[in-house]
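**Q** The amino acid sequence is not available; the structure is as follows:
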């Protein structure tokens, strides 16, 4: 129930999501082109496209993209961003109930969205959408140790004060401590063992732009208003008073790529 409740929060402010959420490294799309044929004429199904953070780069490479997005406001922003690409369409629907077209896809992409899908069917339906030999690309983004490390350690005090679900010993991990976990897809019988590509990168935020970023996270939006505003004020004060108004966040973006087996 938490999954179903939280996954709709992103649609509450689609403009903020589009403005504040980071995209994905260019190297990710270069690898999708090399390893999965994501180029001119490639038929791509994107699950949970949001405002098109991954859709636009795929369309720019000449892919024929069908993007399925649950949130109508998010889908509307994505359509506007994709207006220059006639071979890209955005469908407002939840993937679990969306009827697959008769013609299979070459590539299914789930960029920071796979964990929001129903675990009972997400792998099987992704496989059903693909031709034999087609690829499933699951993209995950992790916040890892690096950047302004001292800030993120100190910010835990804000979370402990205002978010009761914060683990008391929570600390950021190094990128190489994040496990490569493809057991769900590998064990399904639909796909060959996955391969991985990883990309580390950083973005710098002011107190205001970091607040905007935090307001695109479902767990922050789900807090009651008093706790949320207290948390955001605490973090903003920390950035402005101890870090001259700017902090840097380090990301690890991971591509998990799995090929659909020709026989099951």
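**A** Everything's here; your move. These numbers were taken from a predicted model, which means no experiment stands behind them. Numbering: from 1, shown residues only.
**Q** list the buried ones in the helix or strand containing residue 30?
**A** Following DSSP states H and E, the helix or strand that holds residue 30 is helix 26-36. Judged by neighbour count (16 or more other C-beta atoms under 10 Å), helix 26-36 contains these buried residues: 28, 29, 31, 32, 33, 35, 36. Quick note: C-beta positions are derived from backbone N, CA and C, even for glycine.
**Q** helix or strand right after that helix?
**A** Helices and strands here follow DSSP H and E; after helix 26-36, the next one along the chain is strand 43-47.
**Q** could you give the angle of that following strand to helix 26-36?
**A** Going by axes from the mean of the first three to the mean of the last three C-alpha atoms, to 10 degrees, strand 43-47 is angled at 130 degrees with respect to helix 26-36.
**Q** Okay, now the sheet partners of strand 43-47, with direction.
**A** Paired with strand 43-47 in the same sheet, following DSSP bridges, are strand 64-69 (parallel), strand 105-111 (parallel).
**Q** related to what we said a few turns ago, roughly how far is the helix holding residue 30 from the heart of the chain?
**A** Its chain's C-alpha centre and that of helix 26-36 lie 16 Å apart, by C-alpha atoms, centre = their mean, to the nearest Å.
**Q** Please apply the same query to stretch 149-168.
**A** 23 Å.
**Q** Show me the contact partners of it.
**A** With contacts defined as C-beta atoms under 8 Å, 6 or more residues apart in numbering, stretch 149-168 is touched by 145, 170-172, 219, 223, 227-228, 230-231, 234-235, 238-239, 242-243, 247, 249.
**Q** could you give the mean pLDDT of that stretch?
**A** The predicted model gives stretch 149-168 an average pLDDT of 93.
**Q** Going by neighbour count, list what's buried in stretch 11-28.
**A** In terms of neighbour count (16+ other C-beta under 10 Å), stretch 11-28 has its buried residues at 11, 13, 14, 17, 18, 20, 21, 24, 25, 28.
**Q** pretty sure the last one is touching residue 139, no?
**A** Translated: residue 28. Yes - the pair residue 28 and residue 139 qualifies as a contact (C-beta atoms under 8 Å) at a distance of 6.8 Å.
**Q** who touches both of these two?
**A** Between them, residue 28 and residue 139 share the neighbouring residues 253, 255, with contact defined by C-beta under 8 Å, 6+ apart.
**Q** sec struct for residue 77, please.
**A** The assignment at residue 77 comes out as helix when based on DSSP: H, G, I helix; E, B strand; the rest coil.
**Q** pLDDT at it, what is it?
**A** pLDDT, the model's per-residue confidence, is 97 for residue 77.
**Q** dump the residue contacts of the residue lying closest to it once chain neighbours are set aside.
**A** Using C-beta to C-beta, 6 or more residues apart in numbering and skipping the chain neighbours, the partner closest in space to residue 77 is residue 51 (4.1 Å). Under the criterion of C-beta under 8 Å, 6+ apart, the contact partners of residue 51 comprise 14, 17, 18, 21, 74, 77, 78, 81.
**Q** what secondary structure does residue 238 sit in?
**A** At residue 238 the chain is in helix, as set by three-state DSSP.
**Q** Now do it against residue 249, distance only.
**A** Note on residue 238: its distance to residue 249, by C-beta to C-beta, to the nearest Å, is 14 Å.
**Q** Right, I'll call it a day here.
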